[in-house]
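Student: Next input, structure requested:
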Amino acid sequence: MTLLQVQGVVKEFSTPGALGRRSTFTAVDDVSFDVELGETLAVVGESGSGKSTTARIAARLLEPTRGTVLFDGEDVTRARGKDLARFRNNVQVVFQDPFSSLNPRYTVERIITAPLSYQGIKPAAGYRAAAQELMERVGLDPDHCQRYPAQFSGGQAQRIGIARALAVNPKLVICDEAVSALDVSIQAQVLELLMRLQAESGFSYIFIAHDLAVVRQICHRVAVMNQGRIVELGTREQVFGDPQDDYTRTLLAAVPRINPEWDAKRRQRKVAS
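Tutor: Just a heads-up that it's a prediction; the model follows:
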């Protein structure tokens, strides 16, 4: 089942130029893709490739200059009022920097239950019980719901952001560089959490990243962006095993690899000891 369809999306920004003249910069140029229910689509590319702008258009945080966004078969490109609120209930975002996306003056309970409050949803057991249940679900101590973001580590703060995104039971979660600010060991834990949550609930991800090693662990399909365009789109096996575009090959070549000879010697030493 197709959940999200992005069709021919263009995003232009007006920038100041010399002598008071303004010029137009095209950040996203004729981008089209879809996301199936329960799948993870990774959108990868270098900084400035347009991947985050594309994600924000898909989440209706930015409006496209041209093109359409359909969700569950309904055109939400210019949705307003109740239609936009319903869309927001189904699509949530986890941002790159967990601390800048969490209000430092709010308790974790208030942060996590904010989407419920905005949507006018009152949990039967109360907001605190709902927050504690979500905290437990993402691996946090529910007894810490009255703490503030500054009292948590970076990995824990990102788990708070994930819990907030899940509060309204969305069908699509957009992760905009959600693990790039975390240490490698913490990245692995958060990726494992994201995959477990998807297996439990069956929602979809759009996973924005520049690290192909991270993408390979979590995605079903990959869209490679360069200079505002999708230059390659295919399954994980197709893109990583037989890339068709030169830019994709360049990105894959930049992924650090262990020298096979070093790895063999390391294995031999381990067996000998």
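Student: Count the neighbours of H144 for me.
Tutor: 17 (other CB atoms under 10 Å). Where C-beta positions appear, they are placed from N, C-alpha and C, glycine not excepted.
Student: Now do the contacts for the residue nearest to it when sequence neighbours are not counted.
Tutor: Spatial nearest neighbour of H144, excluding adjacent residues (CB to CB, 6 or more residues apart in numbering): V108 at 6.6 Å. Shown in contact with V108 (CB atoms under 8 Å, 6 or more residues apart in numbering): 131, 135, 140, 144-149, 152, 160.
Student: again, 7 Å this time
Tutor: 131, 144-145, 147, 160 (CB atoms under 7 Å, 6 or more residues apart in numbering).
Student: Do you know the pLDDT at it?
Tutor: Listed pLDDT for V108 reads 97.
Student: which stretches of this protein aren't confidently modelled?
Tutor: 18-19, 256-273 (pLDDT under 70).
Student: show me where it has strands.
Tutor: 2-16, 22-36, 40-44, 66-71, 74-75, 91-94, 172-176, 204-209, 221-226, 229-235 (DSSP state E).
Student: what pairs with the shortest one, and is each one parallel or antiparallel?
Tutor: For strand 74-75, the pairing partners within the sheet under DSSP bridges are strand 66-71 (antiparallel).
Student: Can you check what angle separates the strand it pairs with from strand 22-36?
Tutor: 30 degrees (axes from the mean of the first three to the mean of the last three CA atoms, to 10 degrees).
Student: ok now strand 66-71, how far from the chain's centre?
Tutor: Using CA atoms, centre = their mean, to the nearest Å, the mean C-alpha position of strand 66-71 is found 19 Å from that of the whole chain.
Student: Go ahead and produce PDB holding the CA coordinates of it.
Tutor: Extracted in PDB, the C-alpha atoms of strand 66-71 (Å, rounded to 0.1, in the frame of the first residue of the first chain):
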ATOM      1  CA  ARG A  66       5.500  23.400  -7.600                       C
ATOM      2  CA  GLY A  67       4.500  19.800  -7.400                       C
ATOM      3  CA  THR A  68       2.100  17.800  -5.200                       C
ATOM      4  CA  VAL A  69       2.300  15.700  -2.000                       C
ATOM      5  CA  LEU A  70      -0.300  13.000  -1.500                       C
ATOM      6  CA  PHE A  71      -0.900  11.100   1.700                       C
END
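Student: Show me the residue sitting in the middle of the chain in space.
Tutor: Nearest residue to the geometric centre of the chain (CA atoms, centre = their mean): C175, 1.2 Å.
Student: so what's it up against?
Tutor: 94, 205, 207-208.
Student: Most widely separated two among the contacts of V108?
Tutor: Using CB to CB, the pair of these lying farthest apart is A131 and R147, separated by 11.3 Å.
Student: Neighbour count for these two, which is higher?
Tutor: More crowded of A131 and R147, by other CB under 10 Å: A131, with 28 against 16.
Student: right, and that one touches C145 too?
Tutor: Yes: taking CB atoms under 7 Å as the definition, A131 is a contact partner of C145 at 4.9 Å.
Student: Tell me which stretches of the stretch 151-273 of the chain form helices.
Tutor: 154-166, 184-201, 212-218, 236-241, 246-253, 260-272 (DSSP state H, counting those that start in this stretch).
Student: now the residue nearest to the centre of the chain: how far from S201?
Tutor: Per CB to CB, to the nearest Å, C175 is found 15 Å from S201.
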